[in-house]
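Student: curious how this folds, go ahead:
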Amino acid sequence: MVVAVARIKFHLPENHSLKGKRKVVKSMVNQVRNRYNVACSEVSFHDVWQTGEIGVCTVGNSEPTLSSVMERILSFVETSCPVDVVDSRLEIIHMGK
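Tutor: Numbers count the residues shown, from 1 in each chain. Below is the predicted model of the structure:
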């Protein structure tokens, strides 16, 4: 079994309230979940207006496949969401028997 975990940190330059941020983050998380069938959640910077971070996780049996899915998710967030990606990290974990 292979587990892929990604953290995507982003900046919302046009945002001026927590309510506005939560609207954008909720929409982004739901789109990523529905489009790629992965677990996704806001993981930090909950009380910061213009910065956020989401975590994405998926499980499979092929590292290249999971890496490809995570790269497509990052590309989707960068191109389709109203955020500026500041940093992203991907970790692949191989679970033995």
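Student: could you use CA atoms for every contact and neighbour count after this?
Tutor: Noted.
Student: doesn't Phe10 fall inside a strand?
Tutor: Yes. Counting by DSSP: H, G, I helix; E, B strand; the rest coil, Phe10 is located in a strand.
Student: show me where this protein has helices.
Tutor: Taking DSSP state H to define them, one finds helices in the chain at 18-36, 63-80.
Student: for Val3, which of these is the nearest?
Tutor: helix 63-80 (7.9 Å; CA to CA).
Student: buried residues of the closest one, list them for me.
Tutor: Glu63, Leu66, Ser67, Val69, Met70, Ile73, Leu74, Val77, Glu78 (16 or more other CA atoms under 10 Å).
Student: equivalent analysis for stretch 55-62, please.
Tutor: Gly55, Val56, Cys57, Thr58, Val59.
Student: do stretch 30-48 as well
Tutor: Those would be Gln31, Val32, Arg33, Val38, Ala39, Cys40, Ser41, Glu42, for stretch 30-48 by 16+ other CA under 10 Å.
Student: pLDDT added to those, as JSON lines?
Tutor: Listed next are the buried residues of stretch 30-48 as JSON lines, based on pLDDT from 0 to 100:
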{"residue": "Gln31", "pLDDT": "97"}
{"residue": "Val32", "pLDDT": "98"}
{"residue": "Arg33", "pLDDT": "97"}
{"residue": "Val38", "pLDDT": "98"}
{"residue": "Ala39", "pLDDT": "98"}
{"residue": "Cys40", "pLDDT": "98"}
{"residue": "Ser41", "pLDDT": "97"}
{"residue": "Glu42", "pLDDT": "97"}
